[in-house]
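J.: Sequence first, then the predicted structure:
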Amino acid sequence: MTNDLFFDTDCLSAFLWVNNTNILLELYSGRIVLPEPVYQELDNPCIPHIRQRTDTLIQNKDIFVKAINADTEEYILYRSLLQGEKGKKSIGRGEAGGIALAKTYNGILASNNYKDISPYIEEYNLKHIDTGQILVQALEKHLITKADGDKLWNQMLSKRRKLPANSFSEYLAKKEKEE
């Protein structure tokens with residue numbers, strides 16, 4: 001069984017901003033889920049093209065939106081994360097939605113926001129990926145070259161996406177040192 005990927009706003013928007021979701025679709029077709037709060041966060045009147053791109057993906061059934069309904073296991077966790085569970089600081093709606101759904105449905109959390117999600121990844125033993133890991137998978141599957149990765153990374157940075165290195169090549173070098 002392949003696990004669904006529950007995308008946080010920042011991770012999905014990195015690909016939406018550069019208008020390159022093909023990598024996501026090639027790697028995770030039929031498994032991309034947006035928590036309802038993420039879908040709502042993408043509805044910013046100042047950047048309508050992001051919502052339009054998201055709606056096209058939904059209409060094409062490339063990605064799916066999952067509601068977090070009251071009185072469900074995921075809703076209880078979602079609310080506690082918003083309020084600051086067990087003395088921890090509260091986190092944003094997108095991060096909370098992704099964590100709650102990934103935990104409840106044994107999925108994979110797709111998020112770049114380590115500052116907010118790290119304690120919960122560990123506490124709930126969540127599987128997790130970020131934009132860099134997605135690009136590494138694309139490189140390994142020959143969907144992109146290293147040069148393509150650097151170009152995408154640079155485009156994402158130019159759109160003020162927060163990434164953990166100055167380039168994809170630098171990210172790869174850091175990962176090699178860690179291994």
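T.: Yep, that arrived. Residues are numbered from 1 along each chain as shown.
J.: Please make it C-alpha for all contacts and neighbour counts, starting now.
T.: Fine.
J.: Kindly confirm my reading that Phe64 is in a strand.
T.: Yes: assessed with DSSP: H, G, I helix; E, B strand; the rest coil, Phe64 lies in a strand.
J.: so who does the closest residue to it other than its chain neighbours touch?
T.: In this structure, Phe64 finds its nearest non-sequential neighbour in Val33, 4.8 Å apart by Cα to Cα, 6 or more residues apart in numbering. Contact partners of Val33, counting by Cα atoms under 8 Å, 6 or more residues apart in numbering, are Asp4, Leu5, Phe6, Phe7, Ile63, Phe64, Val65, Lys66.
J.: Which stretches in the protein count as strands?
T.: Counting by DSSP state E, the chain has these strands, from start to end: 5-7, 32-35, 63-66, 108-110, 127-129.
J.: possible to save the ones you listed as TSV with mean pLDDT?
T.: Below are the strands of the chain laid out as TSV (pLDDT from 0 to 100):
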stretch	mean pLDDT
strand 5-7	97
strand 32-35	97
strand 63-66	96
strand 108-110	97
strand 127-129	96
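J.: Single out the most deeply packed of those strands.
T.: strand 5-7 (a mean of 30; mean count of other Cα atoms under 10 Å).
J.: in its sheet, what does it sit against?
T.: Here strand 5-7 is paired, per DSSP bridges, with strand 32-35 (parallel), strand 108-110 (parallel).
J.: between the contacts of Val33, which is nearest Thr56?
T.: In terms of Cα to Cα, no member of the contacts of Val33 lies closer to Thr56 than Ile63, at 9.3 Å.
J.: now the closest one: how far from Pro37?
T.: For Ile63, the distance to Pro37 equals 15 Å [Cα to Cα, to the nearest Å].
J.: and what of Glu176?
T.: Separation of Glu176 from Pro37 (Cα to Cα): 35 Å.
J.: The two: who's more crowded?
T.: Pro37 (21 against 9; other Cα atoms under 10 Å).
J.: Give me the distance between that one and Met156.
T.: Distance, Pro37 to Met156, by Cα to Cα: 22 Å.
J.: Could you find the closest non-adjacent residue to Thr104?
T.: Closest residue to Thr104 apart from its sequence neighbours, by Cα to Cα, 6+ apart: Glu74 at 5.9 Å.
J.: Neighbours of that neighbour, how many?
T.: By the criterion of other Cα under 10 Å, Glu74 has 23 neighbours.
J.: so it makes contact with Ser80?
T.: No: contact criterion Cα atoms under 8 Å: Glu74 and Ser80 do not qualify, at 9.9 Å.
J.: low-scoring pLDDT stretches of the protein, where are they?
T.: For the chain, the stretches with pLDDT under 70 are 1-2, 85-86.
J.: before we move on, back to that, could you dump the strands of the chain into JSON lines with distance to Ile99 added?
T.: Supplementary listing: the strands of the chain in JSON lines, determined by distance: least, Cα to Cα, whole Å:
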{"stretch": "strand 5-7", "distance to Ile99": "8"}
{"stretch": "strand 32-35", "distance to Ile99": "9"}
{"stretch": "strand 63-66", "distance to Ile99": "13"}
{"stretch": "strand 108-110", "distance to Ile99": "6"}
{"stretch": "strand 127-129", "distance to Ile99": "10"}
